[in-house]
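Colleague: Next input, structure requested:
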Amino acid sequence: MNYTFGDYEQALLRSLAPMLAANGGVLQELAGYSGQFEEDEAFQFWLAQFPAAAVAITAAAYPEEGRTTQFWRQDITALIYLGANGWRDENGVYQLMDQARRLLLGKDAGLEIRPIDIVGEEIIYEEFEAVVAIQEYRLINDRISEVMA
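Modeller: The predicted structure follows:
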């Protein structure tokens with residue numbers, strides 16, 4: 001099945017939706033990445049939304065492994081940015097990381113893909129009470145049928 005970056009992003013956002021405060025979770029903001037780390041003003045605005053999460057689809061690779069005459073394999077890199085006003089409390093970044101991992105790891109996000117795998121996690125920002133973590137996930141689609149040049 002052929003999917004666009006937008007399709008992957010929307011599927012991950014739907015999968016993480018239970019984390020939203022409106023759905024009983026703690027997130028005040030859940031959206032696609034839109035430059036939150038590009039400019040100081042945008043980052044400060046995002047900080048004010050904490051706890052928050054942003055999803056970015058950052059790359060696609062088409063390895064020789066798994067390629068057939070009919071199908072190509074697509075390896076997608078997805079980044080989940082999680083921001084909180086603390087480390088360990090119920091709204092802290094550790095809790096957000098755990099919740100996101102539980103919602104994504106081993107699932108298919110409603111797509112015809114292999115189970116989602118986590119590549120790594122890291123704290124990328126800490127200042128005063130604000131903490132931002134990043135999780136990298138790999139989504140593998142074995143059924144890309146378009147001709148790749």
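
Colleague: hey, what's the residue most central in space within the chain bridged with?
Modeller: The C-alpha lying nearest the average C-alpha coordinate of the chain belongs to Ile80 (CA atoms, centre = their mean; 3.2 Å). Assessed by DSSP bridges, Ile80 has beta-bridge partners Val55, Gln135.

Colleague: so what's it up against?
Modeller: Leu12, Leu16, Ala53, Ala54, Val55, Ala56, Ala100, Leu104, Ile134, Gln135, Tyr137 (CB atoms under 8 Å, 6 or more residues apart in numbering). C-betas here are computed from N, CA, C, even on glycine.

Colleague: among these, which ones are buried?
Modeller: Buried members of the contacts of Ile80, scored by 16 or more other CB atoms under 10 Å, are Leu12, Leu16, Ala53, Ala54, Val55, Ala56, Ala100, Leu104, Ile134, Gln135, Tyr137.

Colleague: mind listing the helices for the chain?
Modeller: Using DSSP state H, the helices of the chain run over 5-16, 40-47, 93-104.

Colleague: For Glu64, find the nearest of those.
Modeller: Of all these, helix 5-16 sits nearest to Glu64, with 21.9 Å by CB to CB.

Colleague: Can you name the residues that contact Ala11?
Modeller: By CB under 8 Å, 6+ apart, the neighbours of Ala11 are Tyr3, Ala109, Gly110, Leu111.

Colleague: from these, which is closest to Glu129?
Modeller: Among the contacts of Ala11, and counting by CB to CB, the member closest to Glu129 is Ala109, at 31.3 Å.

Colleague: can you tell me how far the nearest residue to that closest one once chain neighbours are set aside sits from Ile124?
Modeller: Closest residue in space to Ala109, ignoring its immediate chain neighbours: Ala11 at 3.9 Å, by CB to CB, 6 or more residues apart in numbering. The gap separating Ala11 from Ile124 is 24 Å, by CB to CB, to the nearest Å.
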